[in-house]
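**Q** Any chance you can model this:
(one chain, ligands or ions: 2)
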Amino acid sequence: MMKLYRTASGCLLERNNSFYAFNHSPWNDLITRDDLESYLIEVAGKITPLAQKPDEPLRAPIGNQEVWAAGVTYYRSRDARMEESKAAGGGDFYDRVYNARRPELFFKANAHRVVGPNEKVAIRDDASWSVPEPELTLLLSPKGNILGYTIGNDMSSRDIEGENPLYLPQAKVYDRSCALGPGILVSSQPLPSSTEIQLEIQRGGNRVFCGSTSLAELKRDPAELVQYLYRNNVFPDGCFLLTGTGIVPPDSFTLQHGDEIRITIAGIGTLINTVG
Ligand code: DO4
Ligand code: MG
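**A** Ligands and ions are numbered 1, 2, ... in the order given. Below you'll find the model as predicted:
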């Protein structure tokens with residue numbers, strides 16, 4: 001188990017409960033290496049571990065990558081979206097894409113729209129119904145190999161998407177609409193299907209929502225999503241791919257400024273952001 005973090009001063013590697021600080025500039029060149037896993041094992045073998053985990057703020061683990069997302073990959077997402085777009089006559093499309101061979105894939109963000117751990121995510125000023133979407137996120141190399149996993153928050157404006165599915169880019173892509181982190185679990189191995197994803201939202205110190213799902217509920221194989229994404233599409237710096245949400249708060253829930261969003265994925269960590 002090896003995790004790679006980006007800090008203000010460089011790179012931090014966690015391996016077998018030891019921490020190793022090192023520099024690799026630019027970060028982008030590190031996380032595009034197809035041999036990332038073996039390279040990091042080599043790095044750890046050459047330097048002395050730190051006496052303790054450094055208390056340094058973490059940055060979003062992104063370089064020049066685009067961020068893409070898959071949609072309607074869990075039954076819960078299909079269901080919620082069919083309901084929210086019923087009046088607009090869009091419901092049927094979500095059912096069709098859930099069952100279709102070709103997945104839904106959409107552009108989510110580039111680096112300047114992404115925030116890291118403990119930074120502020122945004123809700124749109126012109127939206128009245130906003131939710132976080134906690135998603136297992138793949139780090140892909142330029143060749144389309146899965147190098148590792150992180151946590152992604154696909155912040156979404158449900159009223160805008162629900163009014164008309166053609167408004168999807170506005171519901172999904174805006175400043176600080178995506179959070180990534182806290183680090184990258186570096187592994188090319190598939191995660192166990194029992195891997196749990198949890199979402200907790202706190203308001204004024206009280207828990208106002210919590211929910212969980214597991215990768216067993218993910219309808220698509222991550223490798224299949226990657227295969228579709230890389231068809232006729234070159235990613236010179238690789239890509240982050242969010243794999244869809246399986247947790248949707250009840251329709252009565254909307255995020256407010258000051259809410260704290262905590263997303264935990266077993267084996268990867270917890271990504272915490274506040275709405276602001
Ligand atoms: O179909 C619209 C977006 C779906 C999505 O973001 C998800 O299922 O996570
Ligand atoms: Mg999503």
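
**Q** Just list whatever residues bridge to Cys239.
**A** Here Cys239 shows beta-bridge partners Glu66, Leu140, assigned using DSSP bridges.

**Q** number of nearby residues for it?
**A** 21 (other CB atoms under 10 Å). From N, CA and C alone the C-beta is placed, and that goes for glycine too.

**Q** Provide the partner residues of whichever residue of the stretch 1-150 of the chain sits closest to ligand 1 in its beta bridges.
**A** In the stretch 1-150 of the chain, no residue comes nearer to ligand 1 than Gly71, which is 2.7 Å away by CB to the nearest ligand atom. Counting by DSSP bridges, Gly71 forms beta bridges with Glu104.

**Q** who touches whatever residue of the stretch 1-150 of the chain ends up closest to ligand 2 in this structure?
**A** In the stretch 1-150 of the chain, the residue that lies nearest ligand 2 is Glu133 (3.8 Å; CB to the ion). By CB atoms under 8 Å, 6 or more residues apart in numbering, Glu133 lies in contact with 153-156, 242, 244-245, 247-248.

**Q** hang on, the earlier thing: list the residues that contact the residue of the stretch 1-150 of the chain closest to ligand 1.
**A** With contact set as CB under 8 Å, 6+ apart, Gly71 has these partners: 77, 97, 103-106, 244.

**Q** same deal with Ile62?
**A** Listed by CB under 8 Å, 6+ apart, the contact set of Ile62 reads 111, 114, 180, 240.

**Q** thinking again about what came up before, what is the nearest of the contacts of Glu133 to Glu84?
**A** For the contacts of Glu133, the minimum distance to Glu84 (CB to CB) is 9.4 Å, reached by Val248.

**Q** Is there contact, residue-wise, from the one helix or strand Pro182 maps to to ligand 2?
**A** Following DSSP states H and E, one finds Pro182 within strand 178-186. No - between strand 178-186 and ligand 2, judged by CB under 5 Å from the ion, nothing touches; the nearest distance is 9.9 Å.

**Q** What is the subsequent helix or strand relative to that strand?
**A** Tracing the chain past strand 178-186, the next element assigned as helix or strand by DSSP H and E is strand 196-203.
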